[in-house]
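K.L.:
Give me coordinates for this.
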Amino acid sequence: MATPERGGPFPCDDRRGWWAKTRPVAMLLLLLLLAPLTHAAPRIGVATMQPGEIFWERFGHNAIVVDDPAAATAVSYNFGFFDLEEADFTGRFVRGEMQYRLLALPFAEDLAYYRDTGRGVSIQWLDLTDAEARRLAAALAENAKPENARYRYDYFTDNCSTRVRDALDKALGGLLKRQMEGRSQGNTYRSEAVRLASPAGWMWLGFDVGLGPFADQPRSRWEDAFVPMHLADSLREVRRGDGRPLVASEQPLLPHRIAPEPEAKPRPWWPGLLAGLVLATSVLMLGRRAPGPALWIALPLWALCIVIGGLLLFLWGFTDHRAAWGNHNLLLFNPAAMLLLPGAWRLLRRREPGRLFRLVSAVVAIGAFIALFQLWLPVLPQRNAPWIALLLPLHAALWWRMGRGWAAGLASPAPAAQDRDA
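P.N.:
Numbering: from 1, shown residues only. Sure, this is the predicted structure:
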């Protein structure tokens, strides 16, 4: 006979027995539901790689490192990958339409390359909230998908380092830009490109001649971040809203075993002026009696004007290399020098060079004077004083001697000279 206490449908003892049987399953389900909220947030770091020896490695590199406790290994999100074998790679490079991509790879694998090439690597671990760290890790994982990974590369404004900067800034709600945009160290795109390319003579000369006035405007710390080492410097100075530093800790990972990053040095203009005066004096002295000896100075200069000036015109008119547009060096490396070659050939044969020759030589010299005038203008100045100092005296001397002295002297050649030319 049942007791009254057990007569109801859910006696107390029966309820305790049901919970004891189902509690493990319920707890497991609860843990599964709460797992995304309870596991530790990933640790976020910015790895900075020192400059290498190959020309495309001269400017250093960086990557965002996501160290998730739930993952087997830390992941490096690296925005610096390109494919030399991709279709039309060379054409895209020439036109300024380079395609780079983001690649996610094990951080240890990424480090192996820099270890083998002797490039130093350090990492800055950031003090992010759990929400910021998770948001950044999720955004990077989405960006690294093949359909999202490619981007249009621009050396100064959209490169592997500015992509790291922008990803961090978005996760931090604009904190980086607010603190970096209003500050400047006086750097320009030209100053940093020439400085970092200085170990390779052909490379820094190419930057210095090929960059236009866009590259000479003083840049903020935000824009300076196109150089990975500058971004690392700026991150050390960023503070959270409560005054805490954004960089919680910093540690070296690999020693730098090759040449260090070049230091910033002012570029004096006087060596160019000295060389220009020596060459100009040589033209005036050698060409006093006959044009032949001085033309051996003029012809290489005009050949450079044709080649370099033609390239500058091509960059301005037919490519997306914005930093090369409107280059004032076109007035110094004037491609109109091509029109001087027929007259130079006649001068070598001791004949009158012709009216066009005299006109073009004057135009080339006047263009060099205009370049000097533009240097003093506050509107879109271009820091090309060393090139003006070198080429202005030389262009002026060639115009003076060829457009006036030789032409006048050859207007009525002596009979002996006529016999020799016959």
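K.L.:
Relative to residue 202, how far out is the residue lying closest to residue 264 once chain neighbours are set aside?
P.N.:
Excluding the flanking residues, the one nearest residue 264 by CB to CB, 6 or more residues apart in numbering is residue 195, at 5.5 Å. The C-beta positions use only the backbone N, C-alpha and C, and glycine is treated the same way. Distance of residue 195 to residue 202, given as CB to CB, to the nearest Å: 16 Å.
K.L.:
So the two - more neighbours on which side?
P.N.:
Taking other CB atoms under 10 Å, residue 195 and residue 202 do not tie; residue 195 has more neighbours (20 against 9).
K.L.:
which regions of the protein sit below the pLDDT cut-off?
P.N.:
1-39, 403-422 (pLDDT under 70).
K.L.:
Domain-wise, how is this structure divided?
P.N.:
Listed domain ranges for the chain are 43-184+220-254, 270-411 (source: automatic domain parsing).
K.L.:
Any idea which of the ones you listed gets closest to residue 260?
P.N.:
Set against residue 260 and scored by CB to CB, the domains of the chain come closest in domain 43-184+220-254, at 7.5 Å.
K.L.:
Check the offset of that closest one from the chain's centre.
P.N.:
Domain 43-184+220-254 sits 14 Å away from the centroid of its parent chain (CA atoms, centre = their mean, to the nearest Å).
K.L.:
So residue 48: helix, strand or coil?
P.N.:
Three-state assignment for residue 48 (DSSP: H, G, I helix; E, B strand; the rest coil): strand.
K.L.:
Surely it is in contact with residue 122?
P.N.:
Yes: using CB atoms under 8 Å, residue 48 is in contact with residue 122, at 5.6 Å.
K.L.:
Compare these two (neighbour count), which wins?
P.N.:
residue 48 (25 against 17).
K.L.:
The more buried one and residue 338, how far apart?
P.N.:
Separation of residue 48 from residue 338 (CB to CB) stands at 47 Å.
K.L.:
residue ranges for the helices of the stretch 101-250 of the chain, please.
P.N.:
In the stretch 101-250 of the chain, the segments counted as helices under DSSP state H, counting those that start in this stretch are 107-117, 130-143, 160-171, 175-180, 189-197, 201-210, 221-224, 228-237.
K.L.:
could these go into JSON lines alongside distance to residue 255?
P.N.:
Shown next, in JSON lines, are those (distance: least, CB to CB, whole Å):
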{"stretch": "helix 107-117", "distance to residue 255": "9"}
{"stretch": "helix 130-143", "distance to residue 255": "28"}
{"stretch": "helix 160-171", "distance to residue 255": "22"}
{"stretch": "helix 175-180", "distance to residue 255": "29"}
{"stretch": "helix 189-197", "distance to residue 255": "20"}
{"stretch": "helix 201-210", "distance to residue 255": "25"}
{"stretch": "helix 221-224", "distance to residue 255": "26"}
{"stretch": "helix 228-237", "distance to residue 255": "16"}
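K.L.:
nearest to residue 262, of those helices?
P.N.:
helix 189-197 (5.4 Å).
K.L.:
can you tell me which residues contact residue 226?
P.N.:
For residue 226, the contact set (CB atoms under 8 Å, 6 or more residues apart in numbering) comprises 155-157, 159, 161-162, 189, 192.
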